[in-house]
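Peer 1: give me a model of this one.
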Amino acid sequence: MPATAAAVAAVAPPGARRPLPFRAGAAPRARGQPQPTTTTIQRRCRASAAAAHGAPAAAAAAGGRRRGAKEYVEAAREMARHRDGGPPRWFSPLECGGAAAAGRVPGAPTLVYLPGMDGIGLGLIRHHERLAKMFELWCLHIPVEDRTSFEDLVEYVEGTVKSESSRAPDRPVYLIGESLGACVALAVAVRNPDIDLVLILVNPGTSFHKSQMETLSAFLDLVPEPFHLTTPQLLNFLTGNLMKMPSTFVGRGFSFEEAGQTLSEISSSLLPSLMNLFDILTKESIVWKLKMLKTSSSYVNSRLHSVKAQTLVLASGNDELLPSSQEAEKLRCALDKCRTRLFRDNGHKILLEAEFDLATTIKGAGYYRRSRKTDFVSDYLPPTPDELQQAINRDRILNFITDPVILSTLPDGKIVRGLAGLPREGPAVLVGYHMLMGFELGPMVTGILSSTGVHIRGLAHPFMFNKNSEELMFDSAHFDLHRIMGAVPVTGANFYKLLADKEFVLLYPGGAREALHRKGEEYKLFWPEQPEFVRMASRFGATIIPFGVVGEDDICHLLLDYNDLQKLPFYDMLDKALNHDDVKLRTDSMGTLKDQGLHPMVLAPKMPGRFYFVLGKPIETRGREKELRDREEAQRLYLQVKSEVESCISYLKEKREKDPYRSILPRFLYQAVHGPHAEIPTFEP
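Peer 2: Down below sits the predicted model:
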């Protein structure tokens, strides 16, 4: 049933557009329970869906605030009002039709949302519009009075999954499960190991036996209705989002007084709506869902070894109901294809909380794909303005203390400040020097994109994409922004695909050896002897842009390099963990270039200087395809590019000595006089 801009609700699962193994609307249900007619279900679902999304849209238009807890409560109340007793059914949110559907990427996979204890199916209300551009989105609605068993619910979802897998066998089916829904998703994966599934588990209920919810289920029968909602666990569940709103507004530029006033307005409008949750979380419904959660948790935990699906666990560090962070670690160890993302400051209802974006999280973890295997080129979705701003914010301190100066070279050879010399059409290959620890990457990529709209895709070390590598990082999401900004594993196939798509490709021939150089090797190129990129670039007529950067020696001292670390006891254990077979490069190279291993470095800060970039004169290969097929001609051009990079570095090292604002103190004084956003002068190019 396709989504439209009008009222959209479906009694049939996504596969209803094709013959299904079960009747549309005939969801599993408890024995003896009356089944509404299809017409009745359609009418009620359309009414509830329209109410669910009409009010939030109006609220968003009036207040300009992204939807959250308040809109969820209001919309959920409308859907819960129709006490038809079941059966469960699918609906497609209004935002997933109209303009959103028109902007959906080709070959979008199906995403099925499985709700938590509330069962309403509106848990993604903040994320519908973005997800609708990436997926065909369907949500499961379980009426408040429905008493479908866990086994029947799994069978119902399983039928939809099989239908969608049969319809598009070359695409994965996504299951996003929240708490109880996560158990359903895992159960479907257990029963269908041969179906290509991607599981996104949000604070999964598999930790039920270690949670407060088990305690709650033990005495809830003793609490009269409606006082069951005053238990501490359910109060946290209902109001946890409110406690996080003030810091969100302050972080967006509100003063504490303005944030308090805004919070007061939201609270005054939301608190009356909380009373409507009596319609959603009736005592009888909660008791039933807790029993179901206990059953589902036991079922799934005894069968985790059978889960073959690609899995991403999203865990809240401040979950009020479940020990989600510990559970995420358990699942990561138990499941072969599992990665985790921990959100330390978020609560159980993370999907409704501000600053959390599910689409960004899926993209950053490298879990968005439209085929059997992830293709980092064809599956890539460009960063949204919010994602670009996140990348800029990540490097805000580095940009502040280094105030990068970017120069470019015009076709006539003149060097100018700014990016006037950068071509605006690809394909192009930016080839240059890899600064210590890759400090130049963020300022360069985000600076060029925000200034010109030119999006540079970097060929990155496979360490950044490896599951085992994440376990060595303090934060498993450390490399997520690199993936969001377009980094791909450095392979010949990926290089080929990027050039074929006329992209701008960032390539460092010196790789890790250059970025992790030893003492006394500053600004030295460690390029291979063979022209690795020239003939590939010429095949597509790509423009080669040599560039140089200097400045890492102005912000830190290298205290311990690889030679020093090797002398430390037990360092070989860390070296093996960092450089296992999955992340090795250039194993067939000779000499120092064969050492593309990764290792930590010990740095000491110094009085910050400035970063300088210069893009050399573009070198055209278009029209030289036949000429550059010759090995000697390709080698000649390769050496020319290397020489240009070295010339760029020498130019910057000489010119920076004439910059009166090279040190941070003169720059700080300049901005104190002229304003914080004033462009600070530099040397004359």
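Peer 1: check which helix or strand residue 613 maps to.
Peer 2: Assessed by DSSP states H and E, residue 613 sits inside strand 612-615.
Peer 1: what pairs with that strand, and is each one parallel or antiparallel?
Peer 2: Sheet pairing here is set by DSSP bridges, and for strand 612-615 it gives strand 405-409 (parallel), strand 543-550 (antiparallel).
Peer 1: in the stretch 201-350 of the chain, which spans are strands?
Peer 2: 310-316, 338-343 (DSSP state E, counting those that start in this stretch).
Peer 1: now those strands in TSV, with distance to residue 539?
Peer 2: C-beta here means a position set from N, CA and C on the backbone, and glycine is covered the same way. Converted to TSV, the strands of the stretch 201-350 of the chain look like this (distance: least, C-beta to C-beta, whole Å):
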stretch	distance to residue 539
strand 310-316	34
strand 338-343	36
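Peer 1: now the strands paired with strand 612-615 as CSV including distance to residue 424, mean neighbour count and mean pLDDT?
Peer 2: Listed next are these as CSV, based on distance: least, C-beta to C-beta, whole Å; neighbours: other C-beta atoms under 10 Å; pLDDT from 0 to 100:
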stretch, distance to residue 424, mean neighbour count, mean pLDDT
strand 405-409, 12, 23, 97
strand 543-550, 11, 24, 97
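Peer 1: can you put those in CSV and add distance to residue 98?
Peer 2: Formatted as CSV, the strands paired with strand 612-615 follow (distance: least, C-beta to C-beta, whole Å):
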stretch, distance to residue 98
strand 405-409, 41
strand 543-550, 40
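Peer 1: before we move on, the earlier item: packing partners of the helix or strand following the strand holding residue 613?
Peer 2: Toward the C-terminus, strand 612-615 is succeeded by strand 619-620 as the next helix or strand (DSSP H and E). Under the contact definition 3 or more C-beta pairs under 8 Å, 6 or more residues apart in numbering; DSSP states H and E, strand 619-620 sits against strand 543-550, helix 631-655.
Peer 1: now the following helix or strand past the first one - C-alpha only, PDB.
Peer 2: In the C-terminal direction, the helix or strand that comes right after strand 543-550 (DSSP H and E) is strand 556-560. Taking only C-alpha atoms (Å, rounded to 0.1, in the frame of the first residue of the first chain), the coordinates of strand 556-560 have been written out as PDB:
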ATOM      1  CA  CYS A 556      52.700  19.800  19.400                       C
ATOM      2  CA  HIS A 557      56.000  18.100  20.200                       C
ATOM      3  CA  LEU A 558      56.500  14.500  19.300                       C
ATOM      4  CA  LEU A 559      57.800  12.900  22.600                       C
ATOM      5  CA  LEU A 560      57.500   9.200  21.900                       C
END
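Peer 1: shaky segments in the stretch 551-685 of the chain?
Peer 2: Applying pLDDT under 70 to the stretch 551-685 of the chain flags residues 581-596.
Peer 1: repeat the analysis, applying 80 as the threshold.
Peer 2: When residues are selected by pLDDT under 80, those of the stretch 551-685 of the chain lie in 577-597.
Peer 1: picking up where we left off before, would you list the strands of the stretch 201-350 of the chain in JSON lines and tack on mean pLDDT, mean neighbour count and distance to residue 615?
Peer 2: Shown next, in JSON lines, are the strands of the stretch 201-350 of the chain (pLDDT from 0 to 100; neighbours: other C-beta atoms under 10 Å; distance: least, C-beta to C-beta, whole Å):
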{"stretch": "strand 310-316", "mean pLDDT": "97", "mean neighbour count": "25", "distance to residue 615": "38"}
{"stretch": "strand 338-343", "mean pLDDT": "96", "mean neighbour count": "20", "distance to residue 615": "36"}
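Peer 1: nearest to residue 576, out of those strands?
Peer 2: Nearest to residue 576, of all the strands of the stretch 201-350 of the chain, is strand 338-343, at 21.7 Å by C-beta to C-beta.
Peer 1: who touches the closest one?
Peer 2: 311-317, 325, 328-329, 331-332, 350, 356, 361, 365, 367, 467, 470, 475-477, 480 (C-beta atoms under 8 Å, 6 or more residues apart in numbering).
Peer 1: please work out which of the helices and strands packed on strand 619-620 is packed deepest.
Peer 2: strand 543-550 (a mean of 24; mean count of other C-beta atoms under 10 Å).
Peer 1: hang on, residue 125 is in a strand, isn't it?
Peer 2: No: Residue 125: not assigned to a strand; according to DSSP: H, G, I helix; E, B strand; the rest coil it is coil.
Peer 1: which strand or helix spans residue 609?
Peer 2: Using DSSP H and E, residue 609 is not contained in any helix or strand.
Peer 1: in this structure it contacts residue 662, no?
Peer 2: Yes: proximity of residue 609 to residue 662 meets the contact threshold set by C-beta atoms under 8 Å, at 5.5 Å.
Peer 1: find residues that contact each of those two.
Peer 2: The overlap between the contact sets of residue 609 and residue 662 (C-beta under 8 Å, 6+ apart) consists of 554, 656.
Peer 1: hmm, back to that, distance to residue 128 added to the helices and strands packed on strand 619-620, as a markdown table?
Peer 2: What follows is the helices and strands packed on strand 619-620, written out as a markdown table (distance: least, C-beta to C-beta, whole Å):
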| stretch | distance to residue 128 |
| --- | --- |
| strand 543-550 | 41 |
| helix 631-655 | 47 |
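Peer 1: straight-line length of stretch 144-154, end to end?
Peer 2: Stretch 144-154 has an end-to-end distance of 18 Å (C-alpha to C-alpha, to the nearest Å).
Peer 1: buried sites along it?
Peer 2: Under the neighbour-count criterion of 16 or more other C-beta atoms under 10 Å, stretch 144-154 has 144-150, 152-154 buried.
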